[in-house]
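[1] Build me a structure from this.
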Amino acid sequence: MHKYNMLAETQKPHTLSLFINDVLLLTKARLTLSVVFSSIAGYLLAVASANMWHILLLSIGGYGLAGASNAFNQIIEKEIDAKMIRTQNRPIPAGRMSTQAAFSIAITLLILGLVILYALNPKTAMFGAISVFLYTCAYTPLKTVTPLSVFVGAIPGAIPFMLGWVSATGNFGIESGILFMIQFFWQFPHFWAIGWMMHSDYQKAGINMLPTGSPGNATALQIILYTLWTIVISIIPVFGFTGALQLSVVAAVVVGAVGLMLLWTGLQLYRNHSVANAKKLMIMSIAYITAIQWIYVLDKFI
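    Numbers count the residues shown, from 1 in each chain. Alright, predicted model coming up:
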């Protein structure tokens, strides 16, 4: 009996750690944390001085809604995930978590997120709810129907950056609109790079994320065009007609330089349609949006 109790005690923490790890996988923790970071950046751009309590609530509420969206996505796509190498080890297709358990987690996170964001102001909760609805009920089912799903998915994907601004001001204006547009247009080169990298794996599951249906010059050209739009929109605040959202000339030059680096990776993919170049574009796109948010915030406070 003593030996059994010792075994049970050693297994419990191990089981708990596995469960926590699966919850992190279910909510796509790294992606969700990047969403939270975008929201915090948007908030910092809207305030004269940061309120740590507000940031904490925004972070918890944002993680709740983004995590719920990802959990619902995995529930809906459990059969699709089982077909792809990249997603086979997710908790539901791997059999480590039941659909019912995943649904309970998703609902809990959804309610928690909405209540917390509503406490900041009703508009923040409203935009958060719109984001979850579009991601779950529009983008996710459209992925197996049409490449236009990327356009639909870009809407909830662009909300976090502007959500931080709305949480601070309670209003949606030109400032939050520009923040939305930056992240909206950025998502096309980002997700098309992923779609290019994972094209063969996506094909197994009947998913096609690329605008022309296949990797090639036409898709690479669209990536370049949307990258150019992203760069242009990212430097618009330097011209002084975006309300309280401002950007200095020096910061605009830095933003433009980072944008040219992103454009260069897109041009490399156009010249050589390799998966390696698509991966470079994907990595550079992540570096771009992270850098832009840091540059905007630092430019305001330094």
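[2] Just the buried positions in the helix or strand hosting F185, please.
    Using DSSP states H and E, F185 falls within helix 174-197. Neighbour-count burial for helix 174-197 flags 175-176, 178-197 (criterion: 16 or more other C-beta atoms under 10 Å). Heads up, the C-betas are built off the backbone N, CA and C, glycines and all.
[3] Which neighbouring elements make contact with the next helix or strand along the chain from that helix?
    Under the assignment DSSP H and E, the closest C-terminal helix or strand after helix 174-197 is helix 199-204. Helices and strands touching helix 199-204, as assessed by 3 or more C-beta pairs under 8 Å, 6 or more residues apart in numbering; DSSP states H and E, are absent.
[4] what's next to helix 199-204, contact-wise?
    83-86, 195, 208-210, 214-215 (C-beta atoms under 8 Å, 6 or more residues apart in numbering).
[5] in it, what's buried?
    Of the residues in helix 199-204, 199, 202 count as buried by neighbour count, 16+ other C-beta under 10 Å.
[6] helices or strands next to the one helix or strand K279 maps to in the packing?
    Using DSSP H and E, the element containing K279 is helix 275-301. Contact here means 3+ C-beta pairs under 8 Å, 6+ apart; on that basis helix 275-301 packs against helix 29-46, helix 174-197, helix 217-235, helix 249-271.
[7] among those, which is nearest L110?
    L110 sits nearest to helix 29-46 of all the helices and strands packed on helix 275-301, at 13.2 Å, using C-beta to C-beta.
[8] What is that closest one packed up against?
    helix 52-76, helix 149-169, helix 174-197, helix 275-301.
[9] Would you mind saying which of the ones you listed lies nearest A251?
    helix 275-301 (3.8 Å).
[10] Return the angle between stretch directions for that closest one and helix 174-197.
    For helix 275-301 against helix 174-197, the angle between stretch directions is 160 degrees (axes from the mean of the first three to the mean of the last three C-alpha atoms, to 10 degrees).
[11] Quick check: mean pLDDT of helix 275-301?
    Across helix 275-301, pLDDT averages out at 97.
[12] try stretch 224-243
    Summarised as a single mean, pLDDT over stretch 224-243 is 96.
[13] what about that stretch, how long is it end to end?
    From the first residue to the last, stretch 224-243 extends over 29 Å; the measure is C-alpha to C-alpha, to the nearest Å.
[14] Pull out the buried positions in it.
    Per 16+ other C-beta under 10 Å, stretch 224-243 contains these buried residues: 226-231, 233-238, 242.
[15] okay, the residues you listed in JSON lines with distance to T140 next?
    Rendered in JSON lines, the data for the buried residues of stretch 224-243 read as follows (distance: C-beta to C-beta, whole Å):
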{"residue": "Y226", "distance to T140": "22"}
{"residue": "T227", "distance to T140": "26"}
{"residue": "L228", "distance to T140": "29"}
{"residue": "W229", "distance to T140": "25"}
{"residue": "T230", "distance to T140": "24"}
{"residue": "I231", "distance to T140": "30"}
{"residue": "I233", "distance to T140": "27"}
{"residue": "S234", "distance to T140": "28"}
{"residue": "I235", "distance to T140": "33"}
{"residue": "I236", "distance to T140": "31"}
{"residue": "P237", "distance to T140": "33"}
{"residue": "V238", "distance to T140": "37"}
{"residue": "T242", "distance to T140": "33"}
